[in-house]
Structures are given as C-alpha cells and as structure tokens.
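> Here you go, sequence then predicted model.
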Amino acid sequence: MTAYSPGPGLRHIYSGKVRELYQSDDGVLLLVATDRISAFDYVLATPIPDKGKILTRLSAWWFERLADIVPNHLVSASIPAEFAGRALACMPLEMVQVECVARGYLTGTGLDDYHRDGVVAGTRLPPGLTDGSRLPEPIFDPDSKAPRGQHDENLTRGELNRLVGADVAAELERITLAVYQRGASLAAERGIIVADTKIELGLDPAGMLRLADEVLTPDSSRYWPADTYVEGVVQPSFDKQFVRNWLTGPESGWDRHGDTPPPALPADIITATRDRYIEAYERISGLQFSDWVGA
C-alpha cells in the first residue's frame, strides 16, 4: 500500500479497498486512488504500479462524456502535490447504499444465476445462452453495498424499492443503463466490448443524484477486445478479470472457498495486468499514458 501523508488542512476520513478519502478544511473531498487491487472481496498483498493514476485519468475522461446523462461529483479545486495524478476533488454526497450494475453480456455472477434458474436480476432469459453471450437487452442488476470484507448481495426490485424508494430506484435503473449504453457504444468504436459495469451514485445537498467514485474503468467494468470475441469461452480482458483468472487457476494454488487470503501476485502477472490497464486507457481515450504518467 502506498503511504500518503496529507499536508496541512487535510484529514483522512475513510479507507476503501482501493481508495483513500480525505477532506479539506473547506469541505472538499479528495478521492485518492491507490495502486491496490482487490478480488473476491480481498485486497491483494501486491499492488499494480500506476493503477491509481490510470483509474483516475480514465474516470475523469468518462465523467466529461457522461455529463449530459447524469451530473457527477467533481469540483474545481487544487490537488496537493503528494496526490498528483491520482486524486479527484469532489463534493460530499450522501451515497446511495447500492452498487448499480448493468449487464450487456452473460458472464460472472450473472452466468451463475442463469445456470441456476435461467433468470438474471428478475429477467428470464432465453435458453441456450453461454459464457459471453450477448443479452437481448442490457439488464439492471443492483447489489446491496456490503461493509468491507463482506459479500455484496443481489437485490430484487421489491428490496430495492424498500431500501431507497420506488422513485429513486427507477432513477438508479435509468441512469445505470444509460451510462452503460453510452460507454458500450463509445468503447465499441475503439474495438472494445464493455460486457458489464458497476457505478455508484449519491445525493447532493439539493437532493440530485450524482455519479460518484469511478466510472467505466477496468476495475469497475469488464472490457473485452472485440476482435477476439468468441461466444462460449472465457474472454481475454483488459480488466482485473485477468487477475481473477490467475487466482482461480492452478498456478496460484489458492482455494477461493477456503479461509486463507489470496497469494501475492507474481511479477509477470503484475506486469501483464499493468499493461492491460494502460492499453484499456489508451484505446478508449485515444491518449497516451506516457504523456502524463509523471504528473
């Protein structure tokens, strides 16, 4: 874990799996992306160099391109030198305790749900789908936001309505699907399939929902290269699914369902993961990572 020592006027208020949150004397929040990487509800012992900068820059790029769909939490404020390149200045929000997932392809836990009863997030899907199948329509699949170290749980529509109210639930669905469809369309022009994505939203003091945290990054989305896409197989990816695949493969020797934490990542997996994150950033944004890596 990277150690940060905030300067005068900043206080540390929260540590997440990947991010550290600070607040300035004037109330502005600094959302700092570390190089930590998480998988299966564990924070891995091995960081991915420059990952925090990649997530920060890509999120900022996407926030600009989604502003007509949903406002976001960014504000104009200077970033302290010790956080340069990996921090976003944000307004405080009352976070909605829901992880808003949009699925455009069948994979991950959505595939598990389909295999069990043919239904994903309350939507019955046609028979014969397999890993990587494109869904007839994108599906909104909300999860409860569990405390760190615990597993998120799927929410039915009734549970979501009771948790946040029917009107807010409808807005969460509308925004999530619109963000996914915009992201998937733009990424497709760059040769990337966005299989699914997760966003988080919060209410500002005026009661308006705003997009928060990160958006459409390799940490919060599954990115697949379109030119190698083949339905029915595990897809190569530009995201942390590459790390998940190694952890659950024979080389790691780790029992995901046991009581021991995951092993440290070997050097070749660290390098390959970093390369994939950089390629995702460059292909989607059209910018070069080397142009700002020293910022």
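That came through fine.
> got the residue ranges for the strands in the stretch 51-200 of the chain?
Using DSSP state E, counting those that start in this stretch, the strands of the stretch 51-200 of the chain run over 87-90, 94-95, 98-105, 119-120, 123-124, 134-140, 143-144, 192-203.
> Would you format the ones you listed as TSV with mean neighbour count, mean pLDDT and distance to residue 165 included?
Placement of C-beta: from N, CA and C, glycine included. Output for these, formatted as TSV (neighbours: other C-beta atoms under 10 Å; pLDDT from 0 to 100; distance: least, C-beta to C-beta, whole Å):
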stretch	mean neighbour count	mean pLDDT	distance to residue 165
strand 87-90	22	96	24
strand 94-95	12	96	13
strand 98-105	24	97	12
strand 119-120	16	95	24
strand 123-124	13	96	22
strand 134-140	17	98	16
strand 143-144	17	92	15
strand 192-203	23	97	11
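> could those go into TSV alongside distance to residue 23?
As requested, those are arranged in TSV below (distance: least, C-beta to C-beta, whole Å):
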stretch	distance to residue 23
strand 87-90	10
strand 94-95	14
strand 98-105	23
strand 119-120	38
strand 123-124	40
strand 134-140	32
strand 143-144	26
strand 192-203	15
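> Excluding chain neighbours, give the residue nearest to residue 52 in space.
Excluding its sequence neighbours, the residue lying closest to residue 52 (C-beta to C-beta, 6 or more residues apart in numbering) is residue 33, at 3.6 Å.
> Does that neighbour touch residue 19 like I think?
Yes - in this structure residue 33 lies within contact range of residue 19 using C-beta atoms under 8 Å: 5.5 Å.
> Between these two, which is the more surrounded one?
Neighbours were tallied for residue 33 and for residue 19 using other C-beta atoms under 10 Å; the higher tally belongs to residue 33 (27 against 21).
> and the closest residue to residue 184 other than its chain neighbours, what are its bridge partners?
Among residues not flanking residue 184 along the chain, residue 194 sits closest, at 4.3 Å (C-beta to C-beta, 6+ apart). Residue 194 forms beta bridges with residue 223, as assigned by DSSP bridges.
> Of the strands of the stretch 51-200 of the chain, which is nearest residue 231?
The closest of the strands of the stretch 51-200 of the chain to residue 231 is strand 134-140. By C-beta to C-beta, the value is 7.6 Å.
> Please enumerate residues in contact with that closest one?
Residues outside strand 134-140 that contact it (C-beta atoms under 8 Å, 6 or more residues apart in numbering): 100-106, 110, 120-121, 123, 125-126, 129, 172-173, 176-177, 180-181, 184, 231.
> Buried residues, stretch 72-88. List them.
Within stretch 72-88, the residues scored as buried using 16 or more other C-beta atoms under 10 Å are 72-74, 77, 79-80, 83, 85-88.
> Name the nearest of those relative to residue 282.
In terms of C-beta to C-beta, no member of the buried residues of stretch 72-88 lies closer to residue 282 than residue 85, at 15.9 Å.
> Find the centremost residue of the chain, please.
Nearest residue to the geometric centre of the chain (C-alpha atoms, centre = their mean): residue 220, 1.5 Å.
> Now for it: which residues touch it?
197-199, 214.
> Repeat that for residue 11.
22-23 are the contacts of residue 11 under C-beta under 8 Å, 6+ apart.
> again with residue 285
57-58, 61.
> Try it again at 6 Å.
residue 61 (C-beta atoms under 6 Å, 6 or more residues apart in numbering).
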